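# take a look and give me a structure for this.
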Amino acid sequence: MNILEGTIQSIYQKEKLLYLKVNVKDETFGILMIECFQEFKEGIEVQLLFKETEVMIALPTARVSARVASIAPIIDIIKGDILWDISLDFKGVVIHSLITAEAALELNIMQNMSVLWFVQSTEVILKHSGADFE
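Sure thing, here's the model as predicted:
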């Protein structure tokens, strides 16, 4: 599980939809939540949690609609026959991505290469920092 620490900058709510802008290491990520049962407020510290299988990778010149996206260098690659486990350095925090070997080869993925990593905003779990997660 990938975990990033951040602070809620702004909150937009319309009926059952909640869209939060969260500052993580001076980058703003947008998180979309549906029927949220937690109470969030601007300025509180939160954690963004997302699975390795939710982290997609593209070449840095790609444009994506994902609101959780940044460019980071590859610091380690564990190559399997089917999946590659790619470790990225996002401003001192390691982000893991599991992608197919086929996709990694098509993108010519190599260590020290910078890539665009992104997660669909609905695939991020947001929790108050320090709260128990069940």
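# next secondary structure element downstream of the helix or strand hosting Ile71?
Using DSSP states H and E, Ile71 sits within strand 68-79. Per DSSP H and E, the first helix or strand lying C-terminal to strand 68-79 is strand 83-90.
# quick one: the helices in the protein, in order.
101-106 (DSSP state H).
# partner residues bridging the residue nearest the centre of the chain?
In the chain, the residue lying closest to the centroid (C-alpha atoms, centre = their mean) is Val119, at 4.7 Å. Beta bridges link Val119 to Val68 when assigned by DSSP bridges.
# contacting residues for it?
With contact set as C-beta atoms under 8 Å, 6 or more residues apart in numbering, Val119 has these partners: Phe50, Glu54, Val55, Met56, Ala66, Val68, Ala69. Placement of C-beta: from N, CA and C, glycine included.
# same deal with Pro73?
Pro73 touches Leu88, Asp89, Asn112, Met113, Ser114, Val115, counting by C-beta under 8 Å, 6+ apart.
# and for it, nearest residue in space, chain neighbours not counted?
Sequence neighbours aside, Ser114 is the residue nearest to Pro73 in space, at 4.9 Å (criterion: C-beta to C-beta, 6 or more residues apart in numbering).
# any idea how far the one you found lies from Lys91?
When C-beta to C-beta, to the nearest Å is the yardstick, Ser114 and Lys91 sit 13 Å from each other.
# overlap of the contact sets of the two?
Shared contacts of Ser114 and Lys91, defined by C-beta under 8 Å, 6+ apart, comprise Ala72.
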